[in-house]
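In: My questions are about this predicted structure, shown below with the sequence.
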Amino acid sequence: MMLRRLFQAALVLSLLVAAGASAADGPSRSQRAKLVPTQAAYTAAVRWSDFEAAEGFLDPVYLQAHPLGDLQRQRYQQVQVSGYRERGSSVAADGNVERRMEISVINRNTQAERTVVVTERWRWDAEGKRWWQAGGLPDLWQGQ
């Protein structure tokens, strides 16, 4: 009887430690509370093909290394997003949140529709207390 209680206590303790370790790997509750509306606003911008607004969610560090040129901006004006669906999300080893999105786009000139799958990377800015989309605007021209 005593051995059984000791085993149960050890099991409960190991579960608590495991739960604490997995919680430490991901964003905190307050960070998650800020991630959801940030992703929703970014989703709305992309979903309505407002890539200028979506650019405001991009990580300044990423933009400094990969500035958007006029040609890239003009390419985004050539498409209309017709679908934007989350296909999964996870927390990366570095604490960033990755979200796999399926995006359907229509070329405004040819009216041809295609679907691409992109991975968004969301980085927590501890100093600014906000999330940044650290992977750039979605590559809607994969394989072309």
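Out: Now that the structure is in, tell me what you want to look at.
In: Do a quick rundown of the helices in this structure.
Out: 2-25, 29-47, 51-55, 60-65, 70-77 (DSSP state H).
In: got a list of what the spatially closest residue to Ala112 that is not a sequence neighbour touches?
Out: Residue nearest to Ala112 in three dimensions, not counting chain neighbours: Ile106, with 7.1 Å by Cβ to Cβ, 6 or more residues apart in numbering. The way it works is simple: take the backbone N, C-alpha and C, and place the C-beta from them, glycine included. By Cβ atoms under 8 Å, 6 or more residues apart in numbering, the contact list for Ile106 reads Val79, Gln80, Val81, Ser82, Ala112, Glu113.
In: Just grab the bridge partners of the second one for me.
Out: Going back to what we said before, that points to Gln80. Ile106 (DSSP bridges).
In: how about stretch 104-117 as PDB, C-alpha atoms only?
Out: This file holds the C-alpha atoms of stretch 104-117, laid out as PDB (Å, rounded to 0.1, in the frame of the first residue of the first chain):
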ATOM      1  CA  SER A 104      -5.600  30.500 -52.500                       C
ATOM      2  CA  VAL A 105      -4.900  33.300 -54.900                       C
ATOM      3  CA  ILE A 106      -6.300  34.500 -58.200                       C
ATOM      4  CA  ASN A 107      -4.200  36.300 -60.700                       C
ATOM      5  CA  ARG A 108      -6.100  39.400 -61.600                       C
ATOM      6  CA  ASN A 109      -5.000  39.400 -65.200                       C
ATOM      7  CA  THR A 110      -5.500  35.700 -66.100                       C
ATOM      8  CA  GLN A 111      -8.200  34.900 -63.500                       C
ATOM      9  CA  ALA A 112      -6.300  31.600 -62.800                       C
ATOM     10  CA  GLU A 113      -6.500  30.400 -59.300                       C
ATOM     11  CA  ARG A 114      -3.800  28.400 -57.500                       C
ATOM     12  CA  THR A 115      -3.200  27.300 -53.900                       C
ATOM     13  CA  VAL A 116       0.100  27.600 -52.000                       C
ATOM     14  CA  VAL A 117       1.100  26.500 -48.500                       C
END
